[in-house]
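# Sequence first, then the predicted structure, then my questions.
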Amino acid sequence: MALQKNISGELTQEVLAVGYGAKVSSISLVNIHASTTCTVDMYIEKKLFGKFYLAKNIALPVGVILVIDGLNFNTGDNGFGLFIKLTQGASETPVVDLIIK
């Protein structure tokens, strides 16, 4: 199963909620903005366990793909939620495409 999403803006967004039921093995994201680098924070979180970062303050230039491979977590009822936060470069709204396998 692959899931594709387009993410934009600077608010922290829940990409996969607890209970979704996905088993995640890799995540790819690419900055699709026309001209501006953005900064990426991506983490998984589970109640009573806390937050675990997969990427923290990663500068992602336009057109560059970040691949996080070798993952093994699930978003079942007792699993983790997946979250992403983008930070703009300059005064532009950050935009990335995200593929989860």
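Yep, that arrived. Every value quoted in this text rests on a predicted model; they were computed, and no experiment measured them.

# Residue 46: what's it in contact with?
Residues near residue 46 by C-beta atoms under 8 Å, 6 or more residues apart in numbering: 18, 79-81. C-beta here means a position set from N, CA and C on the backbone, and glycine is covered the same way.

# List buried residues within the residues you listed.
Buried residues within these, counting neighbours by 16 or more other C-beta atoms under 10 Å: 18, 79-81.

# how about a markdown table for these, with secondary structure and pLDDT added?
As requested, the buried ones among the contacts of residue 46 are exported to a markdown table (DSSP: H, G, I helix; E, B strand; the rest coil; pLDDT from 0 to 100):
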| residue | secondary structure | pLDDT |
| --- | --- | --- |
| 18 | coil | 93 |
| 79 | coil | 89 |
| 80 | coil | 94 |
| 81 | strand | 96 |
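
# Residue 45: which of those is nearest?
For residue 45, the nearest member of those is residue 81. The distance, counting by C-beta to C-beta, is 5.3 Å.

# How about the contacts made by the closest residue to the closest one other than its chain neighbours?
Excluding the flanking residues, the one nearest residue 81 by C-beta to C-beta, 6 or more residues apart in numbering is residue 18, at 4.8 Å. For residue 18, the contacting residues are 46-47, 75-81, by C-beta under 8 Å, 6+ apart.

# what's the answer for residue 12, then?
If a contact means C-beta under 8 Å, 6+ apart, then residue 12 has 41, 83-85 as its contacts.

# Identify the farthest-apart pair in these.
The two members of the contacts of residue 12 with the most space between them (C-beta to C-beta) are 41 and 83, at 8.2 Å.

# before we move on, back to that, over to the residue nearest to residue 81: give its phi and psi.
When read as degrees, to the nearest 10, the backbone of residue 18 gives phi -60, psi 130.

# For the contacts of residue 46, give me JSON lines that also has distance to residue 57.
As requested, these are arranged in JSON lines below (distance: C-beta to C-beta, whole Å):
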{"residue": "18", "distance to residue 57": "25"}
{"residue": "79", "distance to residue 57": "25"}
{"residue": "80", "distance to residue 57": "21"}
{"residue": "81", "distance to residue 57": "20"}
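
# Nothing else from me, thank you.
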